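*Asks:* quick one, structure for this:
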Amino acid sequence: MIRKKAKNLCLPVLCAITFALVMFQMPAQCHALDIYIEIDVSPNVINIQSQSTVVTVHTNIAYSIVAGTSVTLNGVEIAWWKSDDRGNFVAKFDSDDIKTLDGLKIGEYNTLTLIGFTTGGEEFTGTQDIMVIENIPAGKQ
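*Replies:* Sure thing, here's the model as predicted:
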């Protein structure tokens, strides 16, 4: 009778041991240190001589998970932010701060990088190349 009980326990115990070994061999789920997002900078051509006041960056990250004050564009602090019609985060930056960034090359594409943190502390980034020009508006010539 003892042998029959041992035989009945053998299969479940063997299955439990096999399951435990398989689970310990599986790679652990890893949380990314960076979340890459898509951004759309508007305007995508910045005229150094224009009267523009705001550079807007549309994203595909949910507004509700972004710590708004953490967001920068090439090191420029965010001026204000909002949610778009889809519930995504939209960042607004002072145009003069963007126009005077160190290293901007007139007549070339320049990379703008949006960096911020989620409310959970994860960093997100997105980049877009924009053209920078210096054309004096027609009324100012």
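*Asks:* would you mind listing the buried residues in stretch 102-110?
*Replies:* Within stretch 102-110, the residues scored as buried using 16 or more other CB atoms under 10 Å are 104, 110. (Glycine included, C-beta is placed from N, CA and C.)
*Asks:* contacts for stretch 88-97?
*Replies:* Contacts of stretch 88-97 from elsewhere in the structure, counted by CB atoms under 8 Å, 6 or more residues apart in numbering, are 46, 50, 52-63, 66, 68, 71, 73, 76, 78-84, 114, 116.
*Asks:* helices or strands up against the helix or strand containing residue 69?
*Replies:* Counting by DSSP states H and E, the element that carries residue 69 is strand 66-73. For strand 66-73, the contact count by 3 or more CB pairs under 8 Å, 6 or more residues apart in numbering; DSSP states H and E identifies strand 80-83, strand 88-94, strand 108-118 as packing neighbours.
*Asks:* quick check: which of the ones you listed is buried the most?
*Replies:* Compared across the helices and strands packed on strand 66-73, strand 88-94 shows the largest average neighbour count, a mean of 20 (mean count of other CB atoms under 10 Å).
*Asks:* off-centre distance for the helix or strand just after that one?
*Replies:* Where DSSP H and E defines the elements, the next helix or strand beyond strand 88-94 is helix 95-99. Relative to the mean C-alpha coordinate of its chain, helix 95-99 is positioned 21 Å out (CA atoms, centre = their mean, to the nearest Å).
*Asks:* now do the buried residues in helix 95-99.
*Replies:* 95, 98, 99.
*Asks:* contacts only, for the last one.
*Replies:* Under the criterion of CB under 8 Å, 6+ apart, the contact partners of residue 99 comprise 46, 48.
*Asks:* let's go with 6 Å and repeat that
*Replies:* When the contact criterion is CB atoms under 6 Å, 6 or more residues apart in numbering, the partners of residue 99 are residue 48.
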